[in-house]
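1. pasting the sequence and the predicted model now:
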Amino acid sequence: MTRKFLILSVAFVIASVLGGCNFINMAEEVSVLRVYSQLPPEITHSLASDFEKASKGKVKIELVGGTHKQTGEKNVSRASGDFDVWLGGTAEDYFLADTKKQLQPYQTKNFQNKEPALRDKHGAWTGLFSTNLVFVANRNALIEAGLRVPSSWQDLLQENFKDGIVFSEPGLRQGGFRFLTTLWQLFGENMTDDYLQKLKTLSPAYTESDAAAIEAVRTGKKAVTVVPLDLAMTAAISNNILVIGVPEEGTARIVIGAAIMNTTKSEALARNFMDFLDSERVRIILDNSDYYVWPLAEPPQKYTWGRAYSDVFLVNEDLRWSVLNSEEIADKLRPLK
């Protein structure tokens, strides 16, 4: 082999290796979408994994912050510049964030098919599914007190419930707060004031979260609480001592959704993810999971469980009123204080 041929051969090998490295780098290069999720971890990871698979390895979902938090907008405000999509917040959380100009409006491909209550008219956020306010009671505590599973808001006023009712602190805008706003919108201010005066005589207690309220009921320290259906079902499945009731007069619909942050550096990818979240594919994932929600889509027969919206009256909550006046509402309606 001549020296010239050897040099050319080595150069060819080096060029091939370097070229191959460049190809590998290009092939391995993926787009990253940062997502803050308040959904349960198993649901969050299922959705992220499915979206990544659909992208055929071209997209990586990076989850930031903790999942399944109940602190809502407060945590998101502190980290608003650190992620592209906010998943699993409530309509109220998004409404407040939008007033602070934190969201990037986008109308999903399914936007026009949604009823107005399930989306922001400008596309600041879009509803994906909903959960609803229900009673969770301890079966043994009810039997001991001679009570049945509550099926009416009036049932909570029974004397046998004295010292047995617990709510999350109303100022936290969780189940305790929604209980108050639901009564207000169902019965009006005067009837709600009368109701709360009677409730005071039963000495209801408060906890730092809906989860803590459920735990107080599970352990038998309290007999009943009022929390969102998704938390209630998860707890009831794990503990057959817990039973669930739906208020026959009507209850609140809690819309859970998604939104793009206005600080996103991956707007096109974020929009693709929003379209994915607002698709039949994701509704099937939710329906096949242990995350219990009432479907937004009809007909309800498409789902393996649950009640249709037509079976119970749902309060169309005034977001502006409940969000912008939340502190005033909590102070005025708080039974004890």
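-> That came through fine.
2. quick one, helices of the stretch 51-200 of the chain?
-> Using DSSP state H, counting those that start in this stretch, the helices of the stretch 51-200 of the chain run over residues 73-78, 91-99, 139-145, 175-200.
3. can you say which of these is nearest to Leu133?
-> Closest approach to Leu133 among the helices of the stretch 51-200 of the chain is made by helix 175-200 (5.4 Å; C-beta to C-beta). From N, CA and C alone the C-beta is placed, and that goes for glycine too.
4. and the helices of the stretch 51-200 of the chain, which one's lowest on average pLDDT?
-> Mean pLDDT is lowest for helix 73-78 among those, at a mean of 48.
5. what about the protein, any weak spots by pLDDT?
-> 1-28, 66-81, 290-312, 316-317, 324-325, 331-337 (pLDDT under 70).
6. swap in 50 and give it another go.
-> In the prediction, the chain carries residues with pLDDT under 50 at positions 1, 3-27, 69-75, 78-79, 295-298, 300-310, 337.
7. show me what the strand with the most length in it is packed against.
-> Determined from DSSP state E, the single longest strand within the chain is strand 126-138. Helices and strands touching strand 126-138, by 3 or more C-beta pairs under 8 Å, 6 or more residues apart in numbering; DSSP states H and E, are helix 175-200, helix 210-218, strand 224-228, helix 229-238, strand 242-245, strand 251-261, helix 267-277, helix 280-287.
8. how far does the fourth one sit from the chain's center?
-> Going back to what we said before, that points to helix 229-238. Offset of helix 229-238 from its chain centre (C-alpha atoms, centre = their mean, to the nearest Å): 14 Å.
9. now the fifth one
-> Averaged C-alpha coordinates place strand 242-245 at 21 Å from its chain's average position (C-alpha atoms, centre = their mean).
10. picking up where we left off before, for the helices of the stretch 51-200 of the chain, which one sits closest to Leu319?
-> helix 91-99 (4.6 Å).
11. angle of the closest one against strand 126-138?
-> Going by axes from the mean of the first three to the mean of the last three C-alpha atoms, to 10 degrees, helix 91-99 is angled at 140 degrees with respect to strand 126-138.
12. quick revisit: could you identify which of the helices of the stretch 51-200 of the chain is most buried?
-> Of all these, helix 91-99 has the most neighbours on average by mean count of other C-beta atoms under 10 Å, namely a mean of 22.
13. so what does that helix touch, helix or strand wise?
-> helix 73-78, strand 85-90, strand 251-261, helix 319-324.
14. circling back to that earlier point, adding distance to Thr44, write the helices of the stretch 51-200 of the chain out as CSV.
-> Output for the helices of the stretch 51-200 of the chain, formatted as CSV (distance: least, C-beta to C-beta, whole Å):
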stretch, distance to Thr44
helix 73-78, 15
helix 91-99, 16
helix 139-145, 31
helix 175-200, 22
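15. the stretch 1-150 of the chain: strands as residue ranges?
-> Counting by DSSP state E, counting those that start in this stretch, one finds strands in the stretch 1-150 of the chain at the ranges 31-37, 59-64, 85-90, 103-104, 126-138.
16. want to throw those strands into JSON lines with mean neighbour count and distance to Glu159?
-> Shown next, in JSON lines, are the strands of the stretch 1-150 of the chain (neighbours: other C-beta atoms under 10 Å; distance: least, C-beta to C-beta, whole Å):
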{"stretch": "strand 31-37", "mean neighbour count": "20", "distance to Glu159": "43"}
{"stretch": "strand 59-64", "mean neighbour count": "16", "distance to Glu159": "48"}
{"stretch": "strand 85-90", "mean neighbour count": "25", "distance to Glu159": "34"}
{"stretch": "strand 103-104", "mean neighbour count": "22", "distance to Glu159": "47"}
{"stretch": "strand 126-138", "mean neighbour count": "24", "distance to Glu159": "16"}
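17. could you dump those strands into a markdown table with distance to Lys53 added?
-> Shown next, in a markdown table, are the strands of the stretch 1-150 of the chain (distance: least, C-beta to C-beta, whole Å):
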| stretch | distance to Lys53 |
| --- | --- |
| strand 31-37 | 14 |
| strand 59-64 | 10 |
| strand 85-90 | 18 |
| strand 103-104 | 26 |
| strand 126-138 | 19 |
